[in-house]
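Q: the amino acid sequence is not available; the structure is as follows:
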């Protein structure tokens, strides 16, 4: 047992979908969330910059005495996970390995699609790991950079979103995929729209839920689960307090954000 | 006369439209551009953060011995211009005053529309200055946060862009505007699409061109124009080298970017 908190970070507020999934599975764990809203988004920035930002945030979370760090951002998981694991002496979890395992379990026809930011898709992180584990897979990866702004604008059901999704999804449809990896922690909010467009026969792999299950199993296996009573409050730190944050944050977390502080991580 | 360079900055690469307009009017001026691509976009971040970033960038440009600074970003102009002017002993130009003057000259029916980022529109910077100078104006301001991602995706003529613009523009049409201020340095790339949608009877005020004319007049008036011969090369500094930067940069500047360096301004 280990009653120290779990640190979770993302480029912005999308990672709150991971916090929600973690809280549902592990209600007794204290969660500390850092959203790098002053430098969001990471999806179209370079590997060097993402690694630098991820190091600064990890130092901040370490200063909060966390027992493990969960990189709740696909772009940061793609670029920075190896570096963070080499440099930190606590477990570091990303969203990619859990998503890869879930996709491998879900597919029956070995045709898997991936949608994510330009950074996540260009990194090849999902494609390489999927191929390593099953060389027979046919993988279709599509960068979908407009989805995060559409989700942040709350245009989930808007006709423009359907037009944009139609354009993004046609190569995946053409490829006959039966499994679609949502390789961005914003995308779980689009699940109903995606199911409407693609039909129920295509399995959607949700980064947030698969990551939370993976973390749960790893903590249980290594004897790191908390034995504290009650539901500790979520501590949220942001590097900038954006306009409409409470509203948007509430949509990702599905509850009101109570304890929010603005911090700088650049000196960390 | 003053042969020192002009410093120009923006949150990203949109401000290259201002560089292009400046270069057309002032081909002998040496231009140094800083695009804060590691922290782009500014449009949905807080005033405090935008001011901090603008200060750091101004210190970087000062270290390059610039004779004036042009804030080629509407959000930074809205939030940081007063602070920069108070702190720097060289002229600091923004894009808002020139846009306001151009809009006042362009309108015949006193109904003016403004489109820009959430930050620019929420700051009220355009609305307040327009009203100060003509209290009889009817102003309709609309935040249009999806336009920058659409422009960066190069979907200028895409059906999704038309659907989104239709939604954003209907309150402006309803208000019967005859003048639309494009209060973001990305938006000049949308001018043909906007003219198609709105018709030629609505004047489009282009931040980039109006700013360049304003700077030209001010430098001439104050005897600060360069007397150097030839066309000095454009120096471009970025805080991150994003994917597809050359392609996107070329679209904003309409020529290939030759001298690009990646720098950090956080220590400035």
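A: Arrived safely. The structure displayed is predicted, hence computed values, not measured ones.
Q: surely residue A:256 and residue A:245 touch.
A: No: Residue A:256 lies out of contact with residue A:245 (C-beta atoms under 8 Å); the separation is 11.6 Å. Where C-beta positions appear, they are placed from N, C-alpha and C, glycine not excepted.
Q: all strands in the stretch 1-150 of chain A, in order from the N-terminus.
A: Using DSSP state E, counting those that start in this stretch, the strands assigned to the stretch 1-150 of chain A run over residues A:6-10, A:31-35, A:68-71, A:92-93, A:111-116, A:138-143.
Q: is chain B contacted by the first one?
A: Same thing as strand A:6-10. No: using C-beta under 8 Å from any C-beta of the partner chain, strand A:6-10 stays clear of chain B, with a minimum separation of 15.5 Å.
Q: give the pairing partners of that strand; include direction for each.
A: strand A:31-35 (parallel), strand A:68-71 (parallel) (DSSP bridges).
Q: I'd say residue A:79 and residue A:55 touch.
A: No: taking C-beta under 8 Å as the definition, residue A:79 is not a contact partner of residue A:55, at 11.3 Å.
Q: who has more neighbours, the two?
A: residue A:79 (25 against 17; other C-beta atoms under 10 Å in any protein chain shown).
Q: show me the contacts for that one.
A: A:47, A:50-51, A:54, A:119, A:123, A:125 (C-beta atoms under 8 Å, 6 or more residues apart in numbering or on different chains).
Q: which of the residues you listed fall within helices?
A: Those of those mapping onto helices are A:47, A:50-51, A:54, A:119, A:123, A:125, per DSSP state H.
Q: quick one: which of these is most hemmed in?
A: When neighbours are counted by other C-beta under 10 Å, residue A:119 leads those with 29 neighbours.
Q: which residue is the nearest non-sequential neighbour of that residue?
A: With C-beta to C-beta, 6 or more residues apart in numbering or on different chains as the criterion, residue A:119 has its nearest non-adjacent residue at 4.1 Å, and that residue is residue A:75.
Q: quick one: residues contacting that neighbour.
A: Neighbouring residues of residue A:75 by C-beta under 8 Å, 6+ apart: A:11, A:41-43, A:45, A:50, A:116-117, A:119-120, A:123.
Q: same check, this time on residue A:252
A: Neighbouring residues of residue A:252 by C-beta under 8 Å, 6+ apart: A:13-14, A:16-17, A:20, A:186, A:189.
Q: if you set the cut-off to 6 Å instead, what comes out?
A: A:13, A:16-17 (C-beta atoms under 6 Å, 6 or more residues apart in numbering or on different chains).
Q: any idea of the mean pLDDT for whichever strand or helix holds it?
A: In this assignment (DSSP states H and E), residue A:252 forms part of helix A:245-253. Averaging pLDDT along helix A:245-253 gives 80.
Q: now do that helix against strand A:6-10, angle only.
A: Calculated by axes from the mean of the first three to the mean of the last three C-alpha atoms, to 10 degrees, helix A:245-253 forms an angle of 110 degrees with strand A:6-10.
Q: remind me which residues of the stretch 151-268 of chain A are low pLDDT?
A: Within the stretch 151-268 of chain A, the set of residues satisfying pLDDT under 70 comprises A:243.
Q: how about the strands in it?
A: Shown for the stretch 151-268 of chain A, the strands assigned by DSSP E, counting those that start in this stretch span residues A:179-183, A:203-206, A:235-238, A:259-262.
Q: now for the ones you listed, which one comes closest to residue A:169?
A: Of all the strands of the stretch 151-268 of chain A, strand A:179-183 sits nearest to residue A:169, with 8.4 Å by C-beta to C-beta.
Q: return the list of helices and strands in contact with the closest one.
A: Applying 3 or more C-beta pairs under 6 Å, 6 or more residues apart in numbering or on different chains; DSSP states H and E, we find strand A:179-183 packed against helix A:96-106, strand A:111-116, strand A:203-206.
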